[in-house]
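Asker: Output the structure for:
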Amino acid sequence: MEHFRVGLVGCGGIAQVHGAVLRDLEGADLTACADIRPERAHAFAEKFGGTPYDSLEAMLDAEHLDCLHICTPHYLHTPMARLAAEKGIHVFTEKPPVMDRAQWADFQSLEQAPVRVGVCFQNRYNQSVQLLRHLLDSGRPGKLLGARAFVTWKREAPYYTESGWRGSLATEGGGVLINQSIHTMDLLVRFLGRPRQVEASMANHHLKGVIEVEDTMEAYLDFGGPTALFYATTAYCANSPVLVELTCEHATLRMEEQEVTVTWDDGETQRHSFPEAQPAAQGKAYWGSSHGLCISDFYHSLRTGAPFPNDIPGIRDTAELMLATYESARQNRVVTL
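Answerer: Okay, here's the model as predicted:
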């Protein structure tokens, strides 16, 4: 089996999940890691292997890498992806791939580079999501009429103030949409397709004076027939299960994280429960921990040349919807995609 020399930049929380997956993934050799806080790079290397560096540039100069995992703050994803691609290194980046239109134009241009670029929208691999996709494809529920999605989570001031980058427009790019709920918006796109229009509003309800980004976003999405309601907040008192509900002609498909309830129009109800794909011991506990499946699929695509669903074309509609939603909320207007 072909082996890939892998580097990782940004050795914080989500990097622990990537490190655990890479440690156990056949054909991926975690060769090096980098972080501007040297103590974090050294701790990561001790835990998962590889040589630690205090900057991405130093790591790229010293190592001959085949693939780079980007686990840094949002504002660095696109420039780091470009730096790696220009050196002929494949890129697997955490979400979001971009923060604004300028970055999106730059990121899309990487399609022309002789490397593969993947984005970690791991919730696409959740078993509950796969079941809903299978049911829709079967045709039995009938025409998809509409959807609703709710993310009601809790984030307090230390989450932002202790990070050094969250809560700032310049470094995070936004709040609850770009960080916590972009995965849920991505699922709406996966189920309903590319939206035609979005009308949105946002607010900062509970951390005024602490963050300059939104803690709440709501949007009305027009998919050219079906419509969807989207609501996300980090101002709730707890981290409640994420809800996605699809209303079809003959059934309602309700997903609460890994729990799926199908209610047919004849009154029959079916319930399905799935375990999380990745235990908390591999990093941190949260919904949508299918990183192992997503990362494994990316390396399969590198070895075989097979398509990777989370490549640049595969995440285009989600990225453009995210940007359009922010434009609508900031400019108080309907935005056509």
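Asker: where does the nearest residue to Arg101 once chain neighbours are set aside sit relative to Gly19, distance-wise?
Answerer: Take Arg101 and drop its neighbours on the chain: the residue closest to it by Cβ to Cβ, 6 or more residues apart in numbering is Leu323, 6.1 Å away. From N, CA and C alone the C-beta is placed, and that goes for glycine too. Per Cβ to Cβ, to the nearest Å, Leu323 is found 30 Å from Gly19.
Asker: And for Arg303?
Answerer: Counting by Cβ to Cβ, the gap from Arg303 to Gly19 is 21 Å.
Asker: Could you check which of those two is surrounded by more residues?
Answerer: Using other Cβ atoms under 10 Å as the criterion, Arg303 and Gly19 rank with Gly19 on top: 24 against 12.
Asker: got the contact list for the closest residue to the more buried one other than its chain neighbours?
Answerer: Closest residue to Gly19 apart from its sequence neighbours, by Cβ to Cβ, 6+ apart: Phe48 at 3.8 Å. Listed by Cβ atoms under 8 Å, 6 or more residues apart in numbering, the contact set of Phe48 reads Gly19, Ala20, Leu22, Arg23, Leu30, Cys33.
Asker: Kindly write the PyMOL command that selects the buried subset of these.
Answerer: Of the contacts of Phe48, the buried ones can be selected in PyMOL as follows, counting by 16 or more other Cβ atoms under 10 Å:
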select buried, resi 19+20+22+30+33
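Asker: In a strand, Phe150, correct?
Answerer: Yes. Under DSSP: H, G, I helix; E, B strand; the rest coil, Phe150 falls within a strand.
Asker: Can you tell me the number of residues neighbouring it?
Answerer: Phe150 is flanked by 19 other residues according to other Cβ under 10 Å.
Asker: how does the chain divide up, domain by domain?
Answerer: Domains of the chain are assigned by automatic domain parsing as 4-119, 123-287+312-336.
Asker: With distance to Ile295 and mean pLDDT as new columns, can these be given to me in TSV?
Answerer: Listed next are the domains of the chain as TSV, based on distance: least, Cβ to Cβ, whole Å; pLDDT from 0 to 100:
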stretch	distance to Ile295	mean pLDDT
domain 4-119	5	97
domain 123-287+312-336	10	94
